[in-house]
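Q: let me see the structure of the following:
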Amino acid sequence: MNAYGITHRGAVRAENQDCFRLSFCGSERLLAAVLCDGMGGARCGATASALAADAFMSHAANSLDESSRPADMKGILTEAVGYANAQVYERSFRELSCIGMGTTMVALLVSGRRAMLANVGDSRAYLLSRDRLRQVTRDHSLVEELISSGKITREEGRVHPQKNIITRAVGTEASIRADLYELKLTPDSRLLLCSDGLSNALTDETLRRVLREEPEPEQAARKLLDLALEAGATDNVTILIAQLGTEGKHG
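A: So this is what the prediction gives:
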């Protein structure tokens with residue numbers, strides 16, 4: 001695998017409450033990665049995202065190995081998200097200033113050509129394959145519910161005044177359920193994990209074009225960040241790209 005991640009406070013925000021982690025688990029064939037977008041005020045948003053990302057990785061990176069089958073990877077993801085949720089939830093009760101904090105989470109495990117995703121909230125995962133881009137995860141948001149019920153179109157959802165309201169988050173309740181997605185990767189597959197600072201700033205067609213045209217994850221991630229900033233990114237922007245390859249690194 002070859003993977004690269006980058007995060008930026010965006011064009012407007014004074015602080016970056018996004019966070020990502022990635023780790024090659026003793027082999028370039030094994031990757032664990034997570035991206036979080038914190039909520040709950042300036043201090044607490046950053047605390048929630050970092051705490052959740054670190055907790056997730058402490059479990060997932062130590063559990064994934066060459067023998068991990070899809071069922072094992074699902075179990076690892078479920079347990080790692082649950083552990084992250086417990087850490088954030090408990091911290092919110094220990095510190096008065098952090099009451100109600102939470103974070104989105106989109107997480108990835110890769111073993112060879114098998115990939116497994118988990119998501120909570122509206123941070124997303126996309127898959128580019130055969131020059132076609134599709135959003136793998138489904139947002140846990142008010143706008144997504146309105147789209148699914150036919151009350152608004154997806155185009156209307158992009159500019160809806162309540163598009164930032166999420167319906168599920170890590171750390172806001174004692175337990176949480178993540179949606180899981182299993183993927184089989186091909187040699188041309190590219191996975192994009194991102195916070196809504198990117199997906200709100202750029203269209204899916206722009207994401208597809210950059211992922212297709214830029215040969216390396218680092219180049220693609222930096223290009224997407226530049227375009228989001230040029231578009232006036234009103235939120236923090238975090239991008240993580242992974243593809244089959246021979247080396248891994250992170251920003």
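Q: geometric centre of this protein: which residue is closest?
A: Among the residues of the chain, residue 106 comes closest to the average C-alpha position under C-alpha atoms, centre = their mean, at 3.4 Å.
Q: do I have it right that residue 165 meets residue 141?
A: Yes: proximity of residue 165 to residue 141 meets the contact threshold set by C-beta atoms under 8 Å, at 6.3 Å. For every residue, glycine as well, the C-beta is placed using N, CA and C.
Q: these two: which has the busier surroundings?
A: residue 141 (22 against 12; other C-beta atoms under 10 Å).
Q: was I right about that one contacting residue 122?
A: Yes: at 4.7 Å, residue 141 counts as touching residue 122 under the criterion of C-beta under 8 Å.
Q: which residue packs closest to residue 212, ignoring adjacent ones?
A: Closest residue to residue 212 apart from its sequence neighbours, by C-beta to C-beta, 6 or more residues apart in numbering: residue 131 at 5.7 Å.
Q: okay, now the one you found: neighbour count?
A: Neighbours of residue 131 (other C-beta under 10 Å): 10.
Q: how much space separates it from residue 183?
A: 17 Å (C-beta to C-beta, to the nearest Å).
Q: and residue 64, by the same measure?
A: 15 Å.
Q: how much space between residue 47 and residue 129?
A: 36 Å.
Q: repeat for residue 102
A: 32 Å.
Q: who has more neighbours out of those two?
A: Taking other C-beta under 10 Å, residue 102 and residue 129 do not tie; residue 102 has more neighbours (30 against 16).
Q: average pLDDT across the helix or strand hosting residue 240?
A: For residue 240, the enclosing helix or strand under DSSP states H and E is strand 237-243. Regarding strand 237-243, the rounded mean pLDDT is 97.
Q: that one: how far from the chain's middle?
A: 8 Å (C-alpha atoms, centre = their mean, to the nearest Å).
Q: show me what the helix-or-strand element of the chain with minimal mean pLDDT is packed against.
A: Lowest on mean pLDDT, DSSP states H and E among the helices and strands of the chain sits helix 154-158, with a mean of 80. Applying 3 or more C-beta pairs under 8 Å, 6 or more residues apart in numbering; DSSP states H and E, we find helix 154-158 packed against helix 142-148.
Q: and the helix it packs on, what does it pack against?
A: Using 3+ C-beta pairs under 8 Å, 6+ apart: helix 142-148 touches helix 154-158.
Q: buried sites along the following helix or strand past the helix it packs on?
A: Going down the chain from helix 154-158, the next helix or strand is strand 179-184, by DSSP H and E. Residues 180, 181, 183 are the ones in strand 179-184 that count as buried (16 or more other C-beta atoms under 10 Å).
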